[in-house]
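1. let's see this in three dimensions:
(2 chains)
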Amino acid sequence: MSTGTTKLDVVVSDVVPVNELVTRFHFRRRDGELLPTFSGGAHVVVEMRDGERTRLNPYSLMGSPLDTREYTISVRRDDVGRGGSLFMHRSVKPGLEMVISYPVNLFSLDLRAKKHLMLAGGIGITPFMAQTAQLAGEGGNFELHYTCRTASLGTYADVLRERYNRRIRLYHDDRDERIDLDRLLSTQPLGTHLYVCGPAGMINWVRDRAAALGWPSEAVHFEHFAAPQPGLPFDVTLAVSGKTIRVDEQQSLLEAIEAAGVDPPYLCRGGVCGQCETNVISYDGKFIHNDHWLSEEDHRSGCKIMPCVSRFEGRSLVLER
Amino acid sequence: MAAKTIISRPIYGTLSPQPGKHHLFLADAEGALAIVDMAKTAPPGFFGGAEIVFIPGPDGKHVAALEALRPAQFHLAPSFASLLPRLKQTLSNAHMGLRLYLSGTEGLIGQAMQVALEAGIDHTSMQTEHRGSLARRMQCVHCKGITENVTTQPATCAHCGLLLLVRDHYSRRLAAFQGVCINAEDRSEIPPIEEAFP
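-> Below you'll find the model as predicted:
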């Protein structure tokens, strides 16, 4: 069993369509007990058994950490992805028995902060649902700036506005509303921590501006699960286990290694936690790195790969697995 | 340069210019030279957004060298206690983007860091550089009194009079090294007293 991936046997207790793209799923324990405690920003890895295939996708827990009778996640349908979100939307119904991991938090609040400034983009709102609930329960000082494409795609914007009123600022792309980022970042009291979750472009923009405006990196927190991208099939030799495997078009390298009966460590399966970092013994071809874990230098060196999200194109690849 | 002995023993770096609009420097005595050295690599206009608060040493040196950097604000203070109200005021009105630079004795760095931590700055995001005396600020673990400028090993507690072993065990919260009675079994036993922190 992999690090931190103790499993929970759950049953789907409710499935609620939220808008045209997003559906919410509720899980309870099959034995009727309470679920493990978690903190705002935590995610679980959901096992999706889809015929022959098993997909393992991470989703942020979005319910209140004060209520562990159920876990809730919200899944945005991705019609061109590898099919995990489509499976959730089409095949997961109330009463279905599923397996999820224990919660893991790679995006936790720094509770020493004087103030929490949160920036969400699109479905990146989900960890903030749990974090705001946690902070509101403790009387914490927070402010959430939420950018969405249109009002109807502003998942949970109405709920947040109702709960927290003026602490929530909304920006709609279709109305050309833009966050005045430099002004926002320059007017925060000393001791503020910044949290950002959304598309990669937004995270990079916010991190760059924060650094340029003198925010120390210790006060800037971000999370972006890169969904594994499909790509051309490729062959890999696992030197330690003495196996040669093929990674299919719709499969991640990590999933292919697991399908071959090798059990590497993992936590997030989204290129951020670093658990599945794998050494490259030799290669002839080019890497397609999609992670946020390895440094640019690591990416250039060709010595390491994050098999959860990254791929390879070329003649041969030998990994230390 | 301080060596890492136990995990709590602070290690200081070399000041370097950080991105940002507001730069607050606190220095005592030879700590001024750390700022002067850093200025050689600072981008043009850097000190236009800087405030320097300086406690001169007994020799009164380095004031002119700091003034020559043309900081936006320059303030001289006779002691740390005298600059404390000003420091607290500055930090309570400050915004994210303020960067803190501390240079000089360990006592100055530690006490300024203590105030900055309370204001919400992470200790790892402060720039520090040790210059000058190795004198330590020490807390007696028995009576809790703080003795400033301890240069000997062992050292006498200025409050309760116990003879204390000055440990490398440091408290960021108290901004002091811990002093533990060195002859608790037999007070008449007086080990040799050496000038350990000149």
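
2. show the pLDDT at the closest residue to residue A:312 other than its chain neighbours.
-> Excluding the flanking residues, the one nearest residue A:312 by Cβ to Cβ, 6 or more residues apart in numbering or on different chains is residue A:234, at 5.0 Å. Backbone N, C-alpha and C define where each C-beta goes, glycine included. Note on residue A:234: pLDDT of 95.

3. again with residue A:57
-> Each residue has a pLDDT score; the one for residue A:57 is 89.

4. ok, residue A:250 next?
-> pLDDT at residue A:250 comes out at 85.

5. gap between it and residue A:300?
-> Distance, residue A:250 to residue A:300, using Cβ to Cβ, to the nearest Å: 28 Å.

6. same question, residue A:232
-> 22 Å.

7. outline the domain layout of chain A.
-> With domains defined by automatic domain parsing, chain A comprises A:7-105, A:115-223, A:234-319.

8. what residue ranges in the chain are flagged as low confidence?
-> No chain in the question, so chain A it is. For chain A, applying pLDDT under 70 flags the ranges A:1-5.

9. let me rephrase: I mean chain B.
-> B:1-4.

10. kindly report the residues of it close to chain A.
-> Contact residues (Cβ under 8 Å from any Cβ of the partner chain) of chain B with chain A: B:18-22, B:91-92, B:94-99, B:119-122, B:124-125.

11. thinking again about what came up before, include mean neighbour count when you put the domains of chain A into CSV, please.
-> Shown next, in CSV, are those (neighbours: other Cβ atoms under 10 Å in any protein chain shown):
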stretch, mean neighbour count
domain A:7-105, 17
domain A:115-223, 18
domain A:234-319, 18
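
12. got the contact list for the residue most central in space within chain A?
-> Residue closest to the mean C-alpha point of chain A, counted by Cα atoms, centre = their mean, is residue A:225 at 3.5 Å. Going by Cβ atoms under 8 Å, 6 or more residues apart in numbering or on different chains, residue A:225 touches A:43, A:58, A:268-272.

13. mind giving me the domain ranges of chain B?
-> Split by automatic domain parsing, chain B gives B:22-130, B:136-195.

14. right, so those domains: which one is the most enclosed?
-> domain B:22-130 (a mean of 18; mean count of other Cβ atoms under 10 Å in any protein chain shown).

15. now do the strands in the stretch 151-300 of chain A.
-> A:168-172, A:192-197, A:220-223, A:234-238, A:243-247, A:278-288 (DSSP state E, counting those that start in this stretch).

16. direction included, what does the fifth one pair up with?
-> Think strand A:243-247. In the sheet containing strand A:243-247, the strands it pairs with under DSSP bridges are strand A:234-238 (antiparallel).

17. the strand it pairs with vs strand A:278-288, what angle?
-> Orientation note: strand A:234-238 sits at an angle of 170 degrees relative to strand A:278-288 (axes from the mean of the first three to the mean of the last three Cα atoms, to 10 degrees).

18. contacts for strand A:234-238?
-> Contacts for strand A:234-238 (Cβ under 8 Å, 6+ apart): A:243-247, A:253, A:256-257, A:260, A:262, A:285, A:311-314, A:316-319, A:321.

19. apply 6 Å and report the result again.
-> Strand A:234-238 is contacted from outside by A:244-247, A:312, A:317-319, A:321, using Cβ atoms under 6 Å, 6 or more residues apart in numbering or on different chains.

20. do stretch B:186-198 as well
-> By Cβ under 6 Å, 6+ apart, stretch B:186-198 touches B:134-136, B:151-153, B:183.

21. among these, which are in strands?
-> Under the assignment DSSP state E, those contribute B:136, B:152-153 to strands.

22. can I assume residue B:34 sits in a strand?
-> No - using DSSP: H, G, I helix; E, B strand; the rest coil, the secondary structure at residue B:34 is helix, not a strand.

23. would you mind measuring from the residue nearest to it when sequence neighbours are not counted to chain A?
-> Nearest residue to residue B:34, sequence neighbours excluded (Cβ to Cβ, 6+ apart): residue B:103, at 3.7 Å. Using Cβ to the nearest Cβ, to the nearest Å, we find residue B:103 at a distance of 18 Å from chain A.

24. hang on, isn't residue B:103 packed against residue B:33?
-> No - using Cβ atoms under 6 Å, residue B:103 is not in contact with residue B:33; the gap is 8.2 Å.

25. okay, and the common contacts of those two?
-> Any residue near both residue B:103 and residue B:33 by Cβ under 6 Å, 6+ apart counts here, and that gives residue B:131.

26. using PDB, write down the CA coordinates of stretch A:313-321.
-> Extracted in PDB, the C-alpha atoms of stretch A:313-321 (Å, rounded to 0.1, in the frame of the first residue of the first chain):
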ATOM      1  CA  GLU A 313       7.900  10.600 -26.600                       C
ATOM      2  CA  GLY A 314      10.700   8.700 -28.200                       C
ATOM      3  CA  ARG A 315      12.500   5.400 -28.700                       C
ATOM      4  CA  SER A 316      13.300   4.200 -25.100                       C
ATOM      5  CA  LEU A 317      12.900   5.100 -21.500                       C
ATOM      6  CA  VAL A 318      14.300   3.200 -18.500                       C
ATOM      7  CA  LEU A 319      13.100   4.100 -15.000                       C
ATOM      8  CA  GLU A 320      14.400   3.100 -11.600                       C
ATOM      9  CA  ARG A 321      11.200   1.300 -10.500                       C
END
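
27. quick one on the thing from earlier: ok, the contacts of stretch B:186-198 vs residue B:171, which is closest?
-> Taking Cβ to Cβ as the measure, residue B:171 lies nearest residue B:136 of the contacts of stretch B:186-198, at 12.0 Å.

28. so which residues of the chain form helices?
-> All of this is about chain A. A:84-91, A:126-137, A:157-164, A:181-186, A:200-212, A:253-259, A:296-301 (DSSP state H).

29. switch to chain B, please.
-> Counting by DSSP H, the helices of chain B are B:31-39, B:63-67, B:80-93, B:106-118.

30. need those in JSON lines (columns: distance to residue A:108).
-> As requested, the helices of chain B are exported to JSON lines (distance: least, Cβ to Cβ, whole Å):
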{"stretch": "helix B:31-39", "distance to residue A:108": "34"}
{"stretch": "helix B:63-67", "distance to residue A:108": "41"}
{"stretch": "helix B:80-93", "distance to residue A:108": "26"}
{"stretch": "helix B:106-118", "distance to residue A:108": "20"}
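
31. for residue A:13, which of these is the nearest?
-> The nearest among the helices of chain B, by Cβ to Cβ, is helix B:106-118 at 44.8 Å.

32. what's that closest one in contact with?
-> Taking Cβ under 6 Å, 6+ apart as the rule, helix B:106-118 contacts B:26, B:28, B:80, B:87, B:100, B:102, B:123, B:128, B:137, B:175.

33. include distance to residue B:6 when you put these into CSV, please.
-> Converted to CSV, the contacts of helix B:106-118 look like this (distance: Cβ to Cβ, whole Å):
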residue, distance to residue B:6
B:26, 26
B:28, 25
B:80, 26
B:87, 29
B:100, 25
B:102, 22
B:123, 17
B:128, 18
B:137, 17
B:175, 17
